[in-house]
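[1] build me a model:
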Amino acid sequence: MKIFKTNNQLETIEVGKKIGNLLNPGDVCLLIGDLSAGKTTITKGIGMALGVKKVINSPTFTIVKGYKGDKGPFYHLDLYRLDGVNNDFDLEEYMEGDGVCVIEWPFQVSEILPKEYLRIDLERLSEEERKITISGIGRYQRIEEAL
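    This next block holds a predicted model:
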């Protein structure tokens, strides 16, 4: 487990960039944290490191936003509004696809999550400060160790 403490949004984005530089197509990151913990902020850094040029913002109302990055597709999912697996679209397609997949509120669909993933826990310590705990599950231990 690796722990980072950030003092502002820019530092949180920088942690995201460090993570993003270690990700490859097919990788899955699960973001855990309360509202306003910094999940979308760290996702911005991950996307920047993957070469996403568009502005990354929360897909709360659309569930999924896809971006084109230098390393391939980048998928940002926000499952806050889901209550279990829904048959309207195939979430597994994003998690098992050819892009990097970052999922906010992943345990809304725990039954379909991959067995291996990078877990990123974000805790709000104050208005600007965050504690970020990174745990590599399975093959993702390599990313945890490289940070």
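
[2] so residue 15 sits right up against residue 45, yeah?
    Yes. Applying Cβ atoms under 8 Å, one finds residue 15 in contact with residue 45, separated by 6.4 Å. Yep, even glycine has a C-beta here, placed from its N, CA and C like the rest.

[3] just the element for the spatially most central residue of the chain, please.
    Using Cα atoms, centre = their mean, the residue of the chain that lies closest to the mean C-alpha position is residue 102, 3.3 Å off. With secondary structure defined by DSSP states H and E, residue 102 is part of strand 100-104.

[4] mind listing what that strand pairs with, with the direction of each?
    With DSSP bridges as the test, strand 100-104 is paired with strand 28-32 (parallel), strand 72-78 (parallel).

[5] what sits up against that strand?
    Strand 100-104 has contacts (Cβ atoms under 8 Å, 6 or more residues apart in numbering) with 20, 23-31, 39-40, 43, 46, 50, 58, 69, 71-80, 94-95.

[6] mind doing that once more with 6 Å?
    Here strand 100-104 makes contact (Cβ atoms under 6 Å, 6 or more residues apart in numbering) with 23, 27-31, 39, 43, 46, 50, 74-78, 94-95.
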